[in-house]
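Asker: predicted model follows, preceded by the sequence.
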Amino acid sequence: MTENTALCSPATAEEFAAEADRLLEFTRAAAVRGGFGWLGDDGQVVERDLQLWITCRMTHVCALGHLLGHPGFLELVEHGVDALGKTFHDSTNDGWYAAISPDGRHPTARDKEAYAHSFVILAGSSAQLCEAPGSDDLLASALAVHDRYFWDDEVGMSRESFTADWRREETYRGMNANMHTVEAFLAAGDVTGDERWHERAGRIVTRAIDGFARDNGWRIPEHFTPDWEPLLEHNRDEPAHPFRPYGATIGHALEWSRLTLATATTLGGPEWDWATPAAVALTERAIADGWAVDGTDGFVYTTDWSGAPVVPARMHWVLTEALGAAWALQHATGEARWSAEFERWWAYAKAHLLDRVGGSWYAELAPDNTPAAGTWSGKPDTYHAVQAMLLPRLPLTPSFASALAARA
């Protein structure tokens with residue numbers, strides 16, 4: 001496919017390119033012994049455990065930086081691959097530890113999480129396109145671990161988590177981990193040429209969106225029993241949870257919209273005719289429930305099952321996924337309204353989310369659009385924002401790193 005040149009104005013495209021460069025410079029400081037650290041408001045690493053998901057996502061971001069031609073980013077990719085191959089890897093039981101001590105010396109959380117393991121696949125896929133030493137083995141190992149432990153072929157979805165030795169499984173299923181598994185499988189299929197990963201992404205998307213989302217008025221159930229029965233009241237007492245909040249998560253509807261269209265385009269065929277109307281419905285529901293519903297611009301974090309706001313904070317990642325949904329829908333439909341939404345949401349980001357002093361984007365805003373830290377503190381990583389800033393120059397498929405590699 002060609003670039004979506006009608007998506008935004010040339011001036012906006014230039015702004016996105018400049019912002020990508022600014023974000024990548026901010027990324028450099030995250031490299032520490034053992035992986036990539038959690039960045040604070042000032043762009044310096046915070047003294048806290050190193051998270052597997054952050055090290056993976058920043059390795060992926062650094063791969064994007066290298067593929068864009070930024071000097072020094074190949075070394076950062078190599079640093080990430082080395083950390084994933086040594087520090088985070090469980091050489092006894094296989095798989096990757098969830099967290100490592102701040103000094104990068106020993107694991108502090110040994111559980112094996114599908115959410116974080118999906119990012120190992122993504123990091124390995126992107127690093128392989130950079131030809132980073134060890135990346136071939138990293139990707140092959142990550143796919144093998146997922147195939148052996150997380151993938152449930154009977155239902156076509158991912159399991160959630162296990163103890164370190166894989167002997168005890170969590171009695172929970174989550175849509176967040178499955179959503180990022182779709183992203184990872186699309187990337188892995190693009191890099192390896194093995195259609196099995198694309199097909200598995202398709203199975204997850206079909207059940208999640210053409211099934212659960214459609215059956216629930218396009219408000220996606222997030223939490224489930226092991227038999228995939230929705231747990232609609234899960235975490236009602238912890239509504240602002242960063243990974244498992246109660247209710248419908250606006251940003252996930254937007255993210256699923258993009259991933260649904262990317263999966264449909266990748267697999268093709270009349271059996272995917274439902275995908276574009278579904279992506280439109282997801283995004284329209286997210287806008288109706290989430291955008292400026294309390295009288296102030298911005299997307300709320302979550303709503304209840306009637307669409308009423310529950311957590312009104314504005315998360316930066318939700319806005320980036322709104323940009324991604326508009327980008328994907330403009331590709332799929334050619335309708336000018338999505339370009340208009342794209343420009344509107346970018347104007348909001350410039351007005352409220354971009355931190356011109358401390359760098360990067362504010363991770364969270366209060367309902368009045370001032371910086372807040374109710375759910376997120378600091379600026380943990382640059383994954384969502386960097387990917388969003390690449391949108392005007394990329395096609396809908398293949399995945400981000402593969403598309404950049406094809407341009408080289």
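Answerer: Great, that's in hand. Numbering: from 1, shown residues only.
Asker: need the three-state assignment for the residue in the chain sticking out farthest from the centre.
Answerer: Distance from the centre of the chain peaks at Thr92, with 29.0 Å (C-alpha atoms, centre = their mean). What DSSP: H, G, I helix; E, B strand; the rest coil gives for Thr92 is coil.
Asker: where does this protein dip in pLDDT?
Answerer: Along the chain, segments meeting pLDDT under 70 span 1-5.
Asker: before we move on, back to that, residues contacting the residue farthest from the centre of the chain?
Answerer: For Thr92, no contacting residues are found, by C-beta atoms under 8 Å, 6 or more residues apart in numbering. C-betas here are computed from N, CA, C, even on glycine.
Asker: quick check: Ala372 touching Val311?
Answerer: No. Here Ala372 does not reach Val311: they are 11.1 Å apart, not a contact under C-beta atoms under 8 Å.
Asker: quick one, which of the two is more surrounded?
Answerer: Using other C-beta atoms under 10 Å, the more surrounded residue of Ala372 and Val311 is Val311, with 21 against 18.
Asker: just grab the bridge partners of that one for me.
Answerer: For Val311, the beta-bridge partners under DSSP bridges are Thr302.
Asker: quick check: it touching Asp304?
Answerer: No. Because the distance of 10.3 Å does not satisfy C-beta under 8 Å, Val311 is recorded as not touching Asp304.
Asker: can you pull out the helices in the stretch 301-408 of the chain?
Answerer: When secondary structure is read from DSSP state H, counting those that start in this stretch, the stretch 301-408 of the chain shows helices at 316-333, 336-348, 383-389, 400-407.
Asker: can you lay out the ones you listed as a markdown table showing mean neighbour count and distance to His106?
Answerer: Output for these, formatted as a markdown table (neighbours: other C-beta atoms under 10 Å; distance: least, C-beta to C-beta, whole Å):
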| stretch | mean neighbour count | distance to His106 |
| --- | --- | --- |
| helix 316-333 | 25 | 30 |
| helix 336-348 | 18 | 42 |
| helix 383-389 | 25 | 26 |
| helix 400-407 | 20 | 31 |
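Asker: which one of those lies nearest to Arg48?
Answerer: helix 383-389 (17.8 Å; C-beta to C-beta).
Asker: who are the packing partners of that closest one?
Answerer: Contact analysis of helix 383-389 by 3 or more C-beta pairs under 8 Å, 6 or more residues apart in numbering; DSSP states H and E lists helix 10-27, helix 52-67, helix 316-333 as its packing neighbours.
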